[in-house]
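# Pasting the sequence and the predicted model now:
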Amino acid sequence: MLKRHEVEILLKAGHSKTEVARLTGVSLCSVKRIAQESPVVHVDDATERSQRQIGRPSTVANFRKQVIGILQETPDLASLEILRRVREADYQGGKTALYALVASLRPKPARPLVRFEGLAGEFSQHDFGEVEVEFRNGARQRIHFFASRLKYSRLIRVGVVKDETVESLVRTLAEHLASWGGRPLLCVFDRPKTIALKWQKNGEVTEWNPVFAYATLEMGVGVELCWPYRAQQKGSVENLVGFVKSSFFKVRRFYDEEDLRQQLREWHREVNEERPCRATGIIPAVRLAEERPRLRALKVQPQRYPVGGPRRA
């Protein structure tokens, strides 16, 4: 349901159905069907499967191990040839189901790094970080923070949080979106347990954190996660945390936590309004002026957002 929500957001933003299928990894037929259906109002996958009577036993599931073995030996083998081989092993099902299984198991090519750069209002990236801080009085404290960055303008927001729970993530995410003046099409995250509880080897999420899922639905943001073992994507998100550590936490000294928060506010002004970004050569606040008209209004303001769990009418 969260993937369907992402499809809806991209379609409303004016992307063609073919482009949405490419960006989300959803088939074109599914995108066309979603475009004709009612908007997503919940993210309870189990209930939706029950209502649609999805999940009857699959004939092709019994041949999953054989298909995996074939693809490990010959990753680029044509699906038609794989179908021929499993039919020899007494597969009696249809070719559509077999082709869908092959597509889900076949190694996917890495997306190019430019995919993360995006256009104005298209992407933002977010991640937790932590660092050990020694104050001037000798006390040491582990500081947790949540960092956000608009990919086009490179505007950064960093919030000190008490922990790395889903409640801290959702609350701080909403505050950062509000500080930008709106929300981008997609928010890109690493893959912490606060977001995805279970996923397959091909990167498909099989169970979302319900609090996070409902929060993104209410905020009206699409979600994209970094694929496992893909250095280009994962590195892009992790570099945001590394930048915050190297340019703020590791080059400044703090009297106490209140002084740290005060200096963080000053650092925000420095990196967003005074210093040109190394990647673009332009001050982020200048590019934000170009990006802000492309951001969409928040559905719920941070101070009015109730964190705690899914709400039902």
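Happy to help now that I have it. Quick caveat: nothing in here was measured; it's all calculated off a predicted structure.

# Run through who's touching the helix or strand harbouring residue 171.
With elements taken from DSSP states H and E, the one containing residue 171 is helix 166-180. If you take CB atoms under 8 Å, 6 or more residues apart in numbering as the criterion, helix 166-180 is touched by 124, 126, 128, 144, 146, 148, 150, 155, 157, 159, 161-162, 183, 187, 194-195, 209, 211-212, 215, 219, 221, 288, 292, 295, 298, 300-302, 305, 307-308. Quick note: C-beta positions are derived from backbone N, CA and C, even for glycine.

# Kindly report the same for stretch 35-51.
With CB under 8 Å, 6+ apart as the criterion, stretch 35-51 contacts 1-2, 4-5, 7-8, 11, 17, 54-55, 208, 210, 213-214, 217, 310.

# In it, which of the residues would be classed as buried?
40, 43, 45 (16 or more other CB atoms under 10 Å).

# wait, isn't residue 143 in contact with residue 260?
Yes. Residue 143 lies in contact with residue 260 (CB atoms under 8 Å); the separation is 7.2 Å.

# neighbours around the closest residue to residue 148 other than its chain neighbours, how many?
Counting by CB to CB, 6 or more residues apart in numbering, residue 148 lies nearest to residue 176, which is 4.1 Å off, once chain neighbours are set aside. Close neighbours of residue 176, defined as other CB atoms under 10 Å, add up to 24.

# Next one: residue 176, what pLDDT does it get?
We have a pLDDT of 94 for residue 176.

# That one and residue 275: what is the separation?
Distance from residue 176 to residue 275, counting by CB to CB, to the nearest Å: 19 Å.

# got it, and residue 284?
8 Å.

# quick one, which of these two is more surrounded?
More crowded of residue 284 and residue 275, by other CB under 10 Å: residue 284, with 23 against 13.

# Angles on the backbone of the more buried one, please.
When read as degrees, to the nearest 10, the backbone of residue 284 gives phi -50, psi -40.

# That one: what's it in contact with?
Residue 284 neighbours (CB under 8 Å, 6+ apart): 150, 153-156, 271-273, 277.

# Tell me which of the contacts of stretch 35-51 fall in helices.
Here DSSP state H is the test, and those give 2, 4-5, 7-8, 11, 17, 210, 213-214, 217 as lying in helices.

# so where does the spatially most central residue of the chain fall, helix or strand?
Most central in the chain under CA atoms, centre = their mean is residue 224, positioned 2.9 Å from the mean C-alpha point. In the assignment (DSSP H and E), residue 224 maps to strand 222-225.

# who does that strand touch, helix- and strand-wise?
Where contact means 3 or more CB pairs under 8 Å, 6 or more residues apart in numbering; DSSP states H and E, strand 222-225 is packed against helix 2-12, strand 186-189.
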